[in-house]
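Undergrad: have a look at this prediction, sequence included:
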Amino acid sequence: MRAQTFSKAERLCRRRDIDALFASGTCSVSVYPVRAVFRAIPYNNNSPQVRILVSVAKRHLRLAVNRNRAKRQIREAYRRNKAHLTGNLPAETALHIAFIWLSDKPESSLRVGKSVVRLLQLITERACSPLNAPPCPCSPTS
């Protein structure tokens, strides 16, 4: 049961990490209504192996109620399904992931959940098995 938690340490908050995530050399995958931008980095054992950022732009959802609901849906879907990602991630690799909302209207939790699960599968394929995945410049640097 401990695996289905989402602690403060798992949130991506530092400005330097966020800037590096959106700099060139990162990977991006989309499954409507969510897009994921991710970056593989060397893992140093003093922070969580996967850290995430959730972003919902005001231009997509004007009402704060809807933006907060969309963020809550993404966080909940990630919390329930993060074991698929962390279980397959190599021990020496950490990931920074940004989930970005694409839709101009609120979506059902079921649809958001399915898209987050599919995104986690795609991220796992690209970050964990680079030999079988399409080329992506997001492998960790030595």
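TA: Everything's here; your move.
Undergrad: what about the strands in the protein?
TA: Shown for the chain, the strands assigned by DSSP state E span residues 27-31, 34-42, 50-55, 93-101.
Undergrad: what residues are up against Leu120?
TA: Tyr78, Asn81, Lys82, His84, Leu85 (CB atoms under 8 Å, 6 or more residues apart in numbering). Any C-beta I mention is one placed from the backbone N, CA and C, and that applies to glycine too.
Undergrad: and Lys105, by the same measure?
TA: Leu61.
Undergrad: okay, it: pLDDT?
TA: Here, the pLDDT recorded for Lys105 equals 97.
Undergrad: distance of it from Ser7?
TA: Note on Lys105: its distance to Ser7, by CB to CB, to the nearest Å, is 31 Å.
Undergrad: do you know which of the strands of the chain lies nearest Arg72?
TA: Nearest to Arg72, of all these, is strand 50-55, at 8.9 Å by CB to CB.
Undergrad: so, low pLDDT: which residues of this protein?
TA: Scanning the chain for pLDDT under 70 picks out 1-3, 129-142.
Undergrad: top of the contacts of Leu120 by neighbour count?
TA: For those, the largest number of neighbours (other CB atoms under 10 Å) sits with Tyr78, at 24 neighbours.
Undergrad: hmm, back to that, and which of the contacts of Leu120 is nearest to Ile52?
TA: Tyr78 (6.2 Å).
Undergrad: tell me the spacing between that closest one and Ala40.
TA: In terms of CB to CB, Tyr78 sits 17 Å off from Ala40.
Undergrad: please apply the same query to Glu125.
TA: 13 Å.
Undergrad: which of those two has more neighbours?
TA: Neighbour totals were compared for Glu125 and Ala40, and Ala40 leads with 24 against 16 (other CB under 10 Å).
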